[in-house]
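J.: Fold the following.
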Amino acid sequence: MIEPANKILLIEDEVDHAELIRRAFESANHHCELIVAGSLREAREALAREQPDVIVADLQLPDGKGTELLPPGDEELPYPLVVLTAHGDEQVAVEAMKAGALDYVVKSPEILSEIPRVAERALREWRHIIERQRAEEARRKLEFRLQHSQRLESLGILAGGIAHDFNNLVMAIMGHARLALSDLGDGSPARECIEDIETAAIHASELCQQLLNYSGRRDRFVVEAIDLNRLVAEMVQLLEAAISKRAKLRLVLADDLSAVEGATTQIRQIVMNLIMNASDALGGAKGEITVRTAVLTPEEGHLDKVFPPSTGVAAERQVFVEVADTGCGMDEATQRKIFDPFFTTKSSGRGLGMAAVQGILRGHGGALELHSELGRGTTFRILFPASNLPLPATPCSVRPETDKSPAVSRVGGAATILVVDDDITIRAVTQIALEGAGYLVLSAEDGREALAHYEQHKDEIAAILLDVNMPEMTGDETFYELRSLGASAPVIISSGSSEEEIAGLISGDVAFIQKPYKAEALIEKMREILNPSP
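T.: Residues are numbered from 1 along each chain as shown. This is a model prediction of the structure:
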């Protein structure tokens with residue numbers, strides 16, 4: 001239906017025909033705005049002033065053809081065009097429609113008087129076309145997001161698999177390096193080389209942890225109430241000595257901040273990642289890093305970009321941690337790449353970085369907002385759903401890891417340890433370490449072999465070292481089968497995942513050691529469970 005607000009551009013060089021069409025609009029009570037042009041030049045001038053809703057154009061004009069007003073090639077049509085001609089034949093109609101015309105009519109007194117209906121039909125059909133195009137565009141966007149989500153999920157599965165296998169290799173390298181160091185004297189020329197090997201293996205283990213975080217899922221987390229104010233304050237205190245000496249670190253904590261639910265170590269990593277990135281953005285120059293917690297309110301508003309772009313955080317009440325720096329900022333091209341695995345703006349230190357942050361947020365139902373300008377700094381905001389759980393009574397503990405473990409002892413008890421791991425290199429290096437400390441070792445490559453060993457040596461086994469990720473029978477299945485057989489020996493669970501993730505799989509009084517672990521750490525843990533403090 002033609003409405004009063006509609007604008008119709010009529011291009012007709014025959015004055016009588018133009019007048020007949022104008023009267024037809026008046027008699028049809030279509031009080032729309034009719035703009036009349038007698039040539040292509042006049043039509044282009046009218047188009048430069050404003051865009052009409054429908055164009056009705058004579059095919060043959062003094063300075064060209066009416067179809068020349070259509071955009072060339074595959075450009076999107078900005079308006080529907082109806083072609084008029086006094087000499088109609090099939091070939092002319094085909095050429096006009098190929099050029100992009102929406103309709104084609106042959107002039108006659110009857111047809112000219114029906115132009116209002118022709119324009120109304122064209123406008124109605126055009127609206128249907130636009131609606132279909134919008135629906136198709138929305139469908140394409142949804143398909144793209146689905147494919148992107150599936151690619152990320154596949155990448156996460158791949159990353160988790162690689163991390164698991166790679167972790168086992170790193171474990172073997174670290175274990176053999178430590179055993180070799182224990183046999184070398186302080187003056188050995190090979191000692192420095194083996195220490196470098198161990199250091200490189202430790203860095204590789206950190207990359208494994210990033211891969212595991214990237215592939216992490218919420219159902220693998222131990223979800224607990226977290227006081228963001230405490231966590232952020234402790235992380236700021238911990239990292240103050242690690243950031244640029246010329247950076248001023250400010251902490252702004254909100255009053256009465258609601259708790260959030262999640263895995264403490266995962267959220268710590270997010271905060272640490274953002275603060276260290278902010279320090280790098282300052283590039284050694286003087287600047288300021290502001291770490292802030294707050295409740296999201298209408299007054300706060302959202303930042304420029306939200307990831308994920310459409311959903312954000314699915315919760316009415318949201319709290320956030322914001323890290324803002326006055327550093328170099330990022331251009332649009334860099335902002336589009338920040339979540340690409342192994343993308344970095346640094347000259348060295350490539351890693352998963354923000355891709356790991358995205359993986360953690362995905363598992364916690366959170367979202368990330370970003371604002372950045374070149375030369376004006378960057379602001380990252382991490383949003384979490386607010387929880388109704390009370391704040392934890394005990395503060396989060398953040399202890400920097402230090403290498404204070406004693407050297408491998410060559411003396412120990414004659415206790416028998418059952419080592420269960422599907423990786424032969426880990427079993428070998430673990431056996432060497434434990435036997436070097438004086439223990440006896442039974443080795444099993446899977447859960448079924450572990451159960452068989454237990455049946456034969458149940459009275460001898462003093463402790464069990466049990467891997468989580470194993471084929472056929474997983475670590476948790478093996479654990480419960482052992483318990484069902486009456487095994488009461490203390491158990492140490494080993495995994496490349498964090499203790500919080502594993503605690504959701506195995507319940508009970510078990511110890512935990514994260515792969516890759518040093519031989520000293522394993523022996524110390526073994527002594528703890530075999531000789532517990534009162």
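
J.: after the host helix or strand of residue 194, next one along is what?
T.: Per DSSP states H and E, residue 194 falls inside helix 191-214. On the C-terminal side of helix 191-214, the closest following helix or strand by DSSP H and E is strand 224-226.

J.: From the contact counts, what lies against that next one?
T.: Identification of packing neighbours for strand 224-226 by 3 or more Cβ pairs under 8 Å, 6 or more residues apart in numbering; DSSP states H and E yields strand 260-262, helix 264-282. Where C-beta positions appear, they are placed from N, C-alpha and C, glycine not excepted.

J.: Out of those, which is the most enclosed?
T.: Compared across the helices and strands packed on strand 224-226, strand 260-262 shows the largest average neighbour count, a mean of 24 (mean count of other Cβ atoms under 10 Å).

J.: you'd agree residue 71 is in a strand?
T.: No. According to DSSP: H, G, I helix; E, B strand; the rest coil, residue 71 belongs to no strand; its state is coil.

J.: can you tell me the helix or strand for residue 528?
T.: Counting by DSSP H and E, the element that carries residue 528 is helix 519-530.

J.: Figure out how far that helix is from the centre of its chain.
T.: 38 Å (Cα atoms, centre = their mean, to the nearest Å).

J.: For residue 137, which of the helices and strands packed on strand 224-226 is the nearest?
T.: Nearest to residue 137 among these is helix 264-282 (34.1 Å), distances taken as Cβ to Cβ.

J.: thought residue 99 was touching residue 70?
T.: Yes. Residue 99 lies in contact with residue 70 (Cβ atoms under 8 Å); the separation is 5.5 Å.

J.: So between the two, which is more surrounded?
T.: Set residue 99 next to residue 70 and count neighbours by other Cβ atoms under 10 Å: residue 70 wins out with 20 against 17.

J.: Strands of the stretch 301-450 of the chain, start to end?
T.: Using DSSP state E, counting those that start in this stretch, the strands of the stretch 301-450 of the chain run over 305-307, 318-325, 367-373, 377-385, 416-420, 440-444.

J.: Same list (the ones you listed) but as JSON lines, adding mean neighbour count and mean pLDDT.
T.: Converted to JSON lines, these look like this (neighbours: other Cβ atoms under 10 Å; pLDDT from 0 to 100):
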{"stretch": "strand 305-307", "mean neighbour count": "17", "mean pLDDT": "75"}
{"stretch": "strand 318-325", "mean neighbour count": "23", "mean pLDDT": "94"}
{"stretch": "strand 367-373", "mean neighbour count": "20", "mean pLDDT": "92"}
{"stretch": "strand 377-385", "mean neighbour count": "23", "mean pLDDT": "93"}
{"stretch": "strand 416-420", "mean neighbour count": "24", "mean pLDDT": "94"}
{"stretch": "strand 440-444", "mean neighbour count": "19", "mean pLDDT": "92"}
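
J.: Please render those strands as CSV that adds distance to residue 430 to the earlier fields.
T.: Listed next are those as CSV, based on distance: least, Cβ to Cβ, whole Å:
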stretch, distance to residue 430
strand 305-307, 41
strand 318-325, 39
strand 367-373, 40
strand 377-385, 38
strand 416-420, 5
strand 440-444, 8
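
J.: Looking at those, spot the one closest to residue 281.
T.: Per Cβ to Cβ, nearest to residue 281 of the strands of the stretch 301-450 of the chain: strand 318-325, 5.0 Å.

J.: which residues does residue 38 contact?
T.: 11, 12, 13, 15, 18, 62 (Cβ atoms under 8 Å, 6 or more residues apart in numbering).

J.: ok, it to residue 15 distance?
T.: Applying Cβ to Cβ, to the nearest Å, the value for residue 38 to residue 15 is 8 Å.

J.: Pull up the distance across stretch 21-40, start to finish.
T.: 18 Å (Cα to Cα, to the nearest Å).

J.: Can you list the buried residues in it?
T.: 21, 24-25, 28, 30, 32, 34-40 (16 or more other Cβ atoms under 10 Å).

J.: Which of the residues you listed fall in helices?
T.: Counting by DSSP state H, these place 21, 24, 25, 40 in helices.

J.: Looking at the residues you listed, which is nearest residue 173?
T.: Nearest to residue 173 among those, with distances taken as Cβ to Cβ, is residue 40, at 76.9 Å.

J.: Can you check the pLDDT for the closest one?
T.: Residue 40 carries a pLDDT value of 90.

J.: Quick check: it touching residue 67?
T.: No. Residue 40 lies out of contact with residue 67 (Cβ under 8 Å); the separation is 10.4 Å.

J.: would a markdown table of the helices and strands packed on strand 224-226 with distance to residue 134 and mean pLDDT be doable?
T.: Shown next, in a markdown table, are the helices and strands packed on strand 224-226 (distance: least, Cβ to Cβ, whole Å; pLDDT from 0 to 100):
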| stretch | distance to residue 134 | mean pLDDT |
| --- | --- | --- |
| strand 260-262 | 38 | 90 |
| helix 264-282 | 37 | 86 |
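
J.: Kindly present the ones you listed as a markdown table, with separate columns for distance to residue 436.
T.: Formatted as a markdown table, the helices and strands packed on strand 224-226 follow (distance: least, Cβ to Cβ, whole Å):
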| stretch | distance to residue 436 |
| --- | --- |
| strand 260-262 | 40 |
| helix 264-282 | 31 |
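
J.: out of the ones you listed, nearest to residue 181?
T.: Nearest of the helices and strands packed on strand 224-226 (Cβ to Cβ): helix 264-282, 29.0 Å.

J.: Would you check how far apart the residue nearest the centre of the chain and residue 33 are?
T.: The chain has residue 358 as the residue nearest its centroid, 3.2 Å off, counting by Cα atoms, centre = their mean. With distances taken as Cβ to Cβ, residue 358 is found 51 Å from residue 33.

J.: May I ask which helix or strand of this protein has the lowest mean pLDDT?
T.: Least confident helix or strand of the chain, by mean pLDDT, DSSP states H and E, is helix 499-503 with a mean of 68.

J.: Just list the residues touching residue 9, thanks.
T.: 35, 37, 43, 46, 47, 52, 54, 55, 56, 57.
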